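> Show me the folded form of this:
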Amino acid sequence: MKNSVSAYAIGEITDNLIKNVKNKPSYLEIFANWKAVVGEYIASVCVPYKIVKVPSNKMLILKAKKGHALEVQHESLKILEAINTFLGEVYFSRVHVIQTDLNDDLIDA
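Numbers count the residues shown, from 1 in each chain. I've put the predicted structure just below:
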């Protein structure tokens, strides 16, 4: 049984993405094309959440469904390669995964 997505959860993720990628439409494309960038399976268990500045580059924070965070972290190098290839430059240097109660409605959106 699917849980309904709260307006707060969608708003929180949307606000974080927009705040962190203002004036960078190519980076917004990552979020719009998430499934095409990282593949169907990874896209089914995690979503991009936030971009954080780290020394000399940026880190992408992902929210993963409970029980999948370790698996997503294990695939982080492949995820980084796919995203940076999509962008045509090495924009992200790290991925950090947060385990959370994502529901299927949010993942499938």
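> Low-confidence stretches in this structure?
1-27, 102-109 (pLDDT under 70).
> Mind doing that once more with 80?
Low-confidence segments of the chain (pLDDT under 80): 1-28, 102-109.
> Now do the helices in it.
7-20, 25-32, 34-38, 40-45, 69-74, 76-87, 104-108 (DSSP state H).
> Just give me the neighbour total for Val38.
Counted by other CB atoms under 10 Å, the residues lying close to Val38 total 22. Using the backbone N, CA and C atoms, a C-beta is placed for each residue, glycine as well.
> and stretch 86-96, which residues are buried?
Phe86, Leu87, Tyr91, Phe92, Val95 (16 or more other CB atoms under 10 Å).
> Determine how far the last residue of that stretch lies from the first.
End-to-end span of stretch 86-96 (CA to CA, to the nearest Å): 19 Å.
> now stretch 59-75
15 Å.
> likewise stretch 33-49?
Start-to-end, stretch 33-49 (CA to CA) is 14 Å.
> And for stretch 72-92?
End residues of stretch 72-92 are separated by 16 Å (CA to CA).
> cool, and stretch 35-55?
28 Å.
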